[in-house]
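1. I would like the atomic coordinates for the input below:
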Amino acid sequence: MKKFQAGRYIRQGHYKSFQPNPINRDWEIDNMELIQLLGQADRELGRLDMYSGYIPNLDLFIQMHVLKEATQSSKIEGTRTNMEEALLDKEDVALDKRDDWEEVQNYVAAMNQAMARLQTLPFSSRLIRETHAILLQGVRGKHKQPGAFRESQNWIGGASIDDAVFVPPVHTSIGELMGDIEQFVHNNPHYFPELLKIALIHYQFETIHPFLDGNGRVGRLMITLYLVNKGILKQPVLYLSDFFERNRTLYYDNLMRVREKNDLLQWFKFFLVGIVETARSGIATFDKILQLQKQVDESLQTLGSRAANARKVVYALYQHPVIDAAKVGKVAEISPASAYKLVADLERLGILNEVTGGKRGKLYIFARYIQLFK
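-> Presented below is the predicted three-dimensional model:
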């Protein structure tokens, strides 16, 4: 790693673009601090993976993890939808917030589809392009070649390419550079620890910036897909966007530091610290979910004959913690009058909180549960 050269700047008329060097080659780790941090990250990921295996009905909670990732990853790009808003139906979202809401929904759809595609399609440029197409479908980037690598120059930061913070490589080299990433992913004979591998892949992808829009979101989404594809995690329960958002300046600075100073070591350390912190946070969240489940179940026992219907509603709330009386009636298979009574019971027990303030069409959220993901 001491001999690592990130790439070179190439004069393109009145600006310079950065041409990264290939990453599919032999690598050697020669820093004991990094090796120690790598071991710590591996242990914490193992704990998270093991812990998630003990969670009953884990699939119920996966979508909330995905939604948190969607809101945080989109937030880095300037979207301002919070989790409560992201859980609403489109017609319940204020008109001036619907564009942001749709971008978050696309991220959720892209992650879910990519996870499903991993069953039949390897981690590849094709998978990345398919995911990108869903991410930009029908939103602000819909005219920026969804699902296709760019065919023109882009840039990062600045009002124009002349004052850009960073100019990625020319579009004619994207196919070769993305092919190099794909070969690196599947280059098993040349061993390199998987966590460092995805850290390097993420850096290289963000440096290539192969799409006209959505590169940051796709690049962050790729991290989780990679960990699941490689069997490091059985379920998609670790997402780094929250860590990157809370350390946004360091995130961008460390990426640029690799390009400007060939300092890959600092980026690796930052990435592994993110793995450690996020894995620990994930374990804490799962522990709080189990505690909440126990508390809620105990409180439902006070409802007597209505407890069984209440449990059906709470089960639905763990997957989608926003509901109205009509949905309560449908889930519990009870009359509208009984549904309103059950809503009142769940409000009284502190399970549901009314958020609309209206006399008709009231919406309720499972606030204590949502709070666990914030």
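2. Could you tell me the end-to-end distance of stretch 116-134?
-> 13 Å (Cα to Cα, to the nearest Å).
3. so for it, what's the average pLDDT?
-> Per-region confidence: stretch 116-134 scores 95 on mean pLDDT.
4. buried set for it?
-> 117-118, 123-125, 127-134 (16 or more other Cβ atoms under 10 Å). To be clear about C-beta, it is placed using only N, CA and C from the backbone, and glycine gets the same treatment.
5. For stretch 12-30, what does the pLDDT average out to?
-> 94.
6. scratch that, stretch 140-160 is what I was asking about
-> Over the span of stretch 140-160, the pLDDT mean works out to 90.
7. circling back to that earlier point, inside helices: which ones of the buried residues of stretch 116-134?
-> 117, 125, 127, 128, 129, 130, 131, 132, 133, 134 (DSSP state H).
8. Excluding sequence neighbours, find me the nearest residue to the first one.
-> The reference is to residue 117. residue 127 (5.9 Å; Cβ to Cβ, 6 or more residues apart in numbering).
9. hmm, back to that, may I see the buried residues of stretch 116-134 organised as JSON lines, with distance to residue 239 added?
-> As requested, the buried residues of stretch 116-134 are exported to JSON lines (distance: Cβ to Cβ, whole Å):
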{"residue": "117", "distance to residue 239": "18"}
{"residue": "118", "distance to residue 239": "16"}
{"residue": "123", "distance to residue 239": "17"}
{"residue": "124", "distance to residue 239": "21"}
{"residue": "125", "distance to residue 239": "22"}
{"residue": "127", "distance to residue 239": "18"}
{"residue": "128", "distance to residue 239": "17"}
{"residue": "129", "distance to residue 239": "21"}
{"residue": "130", "distance to residue 239": "20"}
{"residue": "131", "distance to residue 239": "15"}
{"residue": "132", "distance to residue 239": "18"}
{"residue": "133", "distance to residue 239": "21"}
{"residue": "134", "distance to residue 239": "17"}
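10. what about residue 67, how many neighbours?
-> By other Cβ atoms under 10 Å, the residues close to residue 67 number 22.
11. Which strands or helices does the host helix or strand of it pack on?
-> Residue 67 belongs to helix 58-76 when assigned by DSSP states H and E. If contacts are counted by 3 or more Cβ pairs under 8 Å, 6 or more residues apart in numbering; DSSP states H and E, helix 58-76 sits against helix 83-86, helix 98-117, helix 215-229, helix 241-246, helix 264-300, helix 307-319.
12. Could you list the low-pLDDT ranges of this protein?
-> Low-confidence regions of the chain, defined by pLDDT under 70, span residues 358-360.
13. tell me the domain ranges of this structure?
-> Following automatic domain parsing, one finds the domains of the chain at 7-285, 288-371.
14. now these as a markdown table including distance to residue 1?
-> Supplementary listing: the domains of the chain in a markdown table, determined by distance: least, Cβ to Cβ, whole Å:
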| stretch | distance to residue 1 |
| --- | --- |
| domain 7-285 | 6 |
| domain 288-371 | 39 |
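15. dump the residue contacts of residue 49.
-> For residue 49, the contacting residues are 232, 233, 234, 235, 237, by Cβ atoms under 8 Å, 6 or more residues apart in numbering.
16. Same list, those, but as JSON lines with neighbour count please.
-> JSON lines is the format used below for the contacts of residue 49 (neighbours: other Cβ atoms under 10 Å):
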{"residue": "232", "neighbour count": "17"}
{"residue": "233", "neighbour count": "20"}
{"residue": "234", "neighbour count": "13"}
{"residue": "235", "neighbour count": "18"}
{"residue": "237", "neighbour count": "26"}
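17. got these as JSON lines, with secondary structure and distance to residue 146 columns?
-> Formatted as JSON lines, the contacts of residue 49 follow (DSSP: H, G, I helix; E, B strand; the rest coil; distance: Cβ to Cβ, whole Å):
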{"residue": "232", "secondary structure": "coil", "distance to residue 146": "29"}
{"residue": "233", "secondary structure": "coil", "distance to residue 146": "28"}
{"residue": "234", "secondary structure": "coil", "distance to residue 146": "30"}
{"residue": "235", "secondary structure": "coil", "distance to residue 146": "28"}
{"residue": "237", "secondary structure": "coil", "distance to residue 146": "28"}
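18. ok, residue 133 touching residue 146?
-> Yes. Taking contacts as Cβ atoms under 8 Å, residue 133 lies within contact range of residue 146: 4.5 Å.
19. Give me the distance between the residue nearest to residue 117 and residue 253.
-> Separation of residue 127 from residue 253 (Cβ to Cβ, to the nearest Å): 29 Å.
20. swap in residue 156?
-> Distance from residue 156 to residue 253, by Cβ to Cβ: 13 Å.
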